[in-house]
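In: Sequence plus the predicted model coming up.
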Amino acid sequence: MNGDWWLKFQRAKKHMVDINKEAMRYASSNPYSFTRIRLPDSKNEIRGHFRITEQPDPIIAVMLGDFVHNLRSALDYVVVACVPKQRRSKAGFPILFQDIFAKDKNGEFVVKDAQLRENFETATKGLHPKARAIIISLQPYNLSLFGQKVDPNVITLGIINRLENADKHRQLITLGCGAKDGILSFTIRGFTEPIRYNQTLATGDKFLKDDTPIPFILPPDFNSIRHPGGSFIKPSDMEMHLSTTAKILVNVTRTEGNQPPLLFLLDSFMDSALYEVQGILKKLEFFVFSK
């Protein structure tokens with residue numbers, strides 16, 4: 001891989017390795033607690049409370065800022081290389097959350113901000129028409145999944161841009177804490193060989209948030225299980241345990257500004273960011289001008 005954009009990309013990969021080491025160190029300390037919420041047996045319900053007891057090292061936010069900065073720079077670098085030399089001081093890879101070129105039935109622009117359109121044209125002027133079309137097709141507002149438009153706030157390219165903006169304006173990226181791949185287990189007191197039930201939690205892209213009550217789904221045969229002495233077991237006879245992996249979350253503000261931030265798993269976001277930026281660089285470098 002040649003080109004300055006790949007140097008920026010490789011630097012981002014190095015930052016990800018370092019971030020993952022810190023994240024693993026954090027997870028290995030098991031920085032969470034899980035306590036039983038005592039309820040009357042008459043409710044026939046079992047609940048516990050999950051809580052993070054220690055926050056990750058703030059240096060991870062600094063490292064993540066470097067990670068997104070290098071990926072964002074790689075996108076700009078490749079666009080700069082795709083325009084004539086006299087245009088390179090103004091070229092860049094624009095990222096938009098709304099269609100600034102959409103018009104209403106009267107032929108008027110839906111987005112009234114003419115400066116956004118001017119900025120876009122300035123950043124992409126001199127590009128090959130096909131390269132410009134690729135950039136437009138990749139805008140967060142333009143992407144769909146299975147034929148359905150996707151919220152631009154959850155598009156990886158948009159997340160990169162918002163995190164880069166926060167870091168650029170001297171604001172540390174906000175991190176959160178949670179957990180995933182949990183196993184909620186129960187044993188019943190009074191049995192020579194404890195009866196055990198397991199319930200999986202927060203698999204895939206899901207995660208447990210800090211300060212969250214967690215219900216246990218009682219097994220279908222719960223009310224038919226008897227103690228050796230003959231009495232039926234009650235919720236209070238069950239011991240509740242949680243085994244999970246602490247995870248670092250990335251807090252991303254939404255474009256509307258008045259809505260709560262979205263939370264994304266740090267490791268999943270970094271994997272997606274690298275994959276998507278790599279794909280964009282490969283598509284655009286076909287249009288790079290020879291030096």
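Out: Noted; the coordinates are in hand.
In: Residue ranges in the stretch 151-291 of the chain under the pLDDT threshold?
Out: Confidence mapping of the stretch 151-291 of the chain against pLDDT under 70 gives the ranges 169, 192-195, 257, 290-291.
In: so how far does stretch 254-261 reach from one end to the other?
Out: Across its full length, stretch 254-261 reaches 6 Å end to end, with CA to CA, to the nearest Å as the criterion.
In: which of the residues in it are buried?
Out: Buried residues in stretch 254-261, counted by 16 or more other CB atoms under 10 Å: Arg254, Thr255. Every C-beta, even on glycine, is put in place using the N, C-alpha and C of the backbone.
In: Helices of this structure, start to end?
Out: For the chain, helices defined by DSSP state H occupy the ranges 4-28, 59-81, 114-124, 129-137, 156-168, 266-284.
In: Identify whichever of those lies nearest to Leu249.
Out: Taking CB to CB as the criterion, helix 266-284 is the member of those that comes nearest to Leu249, at 6.4 Å.
In: Now do the buried residues in that closest one.
Out: For helix 266-284, a neighbour-count test (16+ other CB under 10 Å) marks 266-270, 272-274, 276-278, 280-281, 283-284 as buried.
In: can you list the helices of the chain in CSV and add distance to Met240?
Out: Conversion of these to CSV gives the following (distance: least, CB to CB, whole Å):
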stretch, distance to Met240
helix 4-28, 22
helix 59-81, 31
helix 114-124, 53
helix 129-137, 50
helix 156-168, 36
helix 266-284, 28
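In: measure Ser268 to Asn142 for me?
Out: Distance, Ser268 to Asn142, using CB to CB, to the nearest Å: 22 Å.
In: Kindly tell me how buried the spatially closest residue to Arg72 that is not a sequence neighbour is, as a neighbour count.
Out: Distance criterion CB to CB, 6 or more residues apart in numbering; nearest residue to Arg72, sequence neighbours excluded, is Glu164 at 4.3 Å. When neighbours are counted by other CB atoms under 10 Å, Glu164 registers 21.
In: wait, doesn't Glu164 sit right on Asp66?
Out: No: the pair Glu164 and Asp66 does not pass the contact test of CB atoms under 8 Å, sitting 10.5 Å apart.
In: Show me where the stretch 1-150 of the chain dips below the pLDDT cut-off.
Out: Short version for the stretch 1-150 of the chain, where the test is pLDDT under 70: 1, 145-146.
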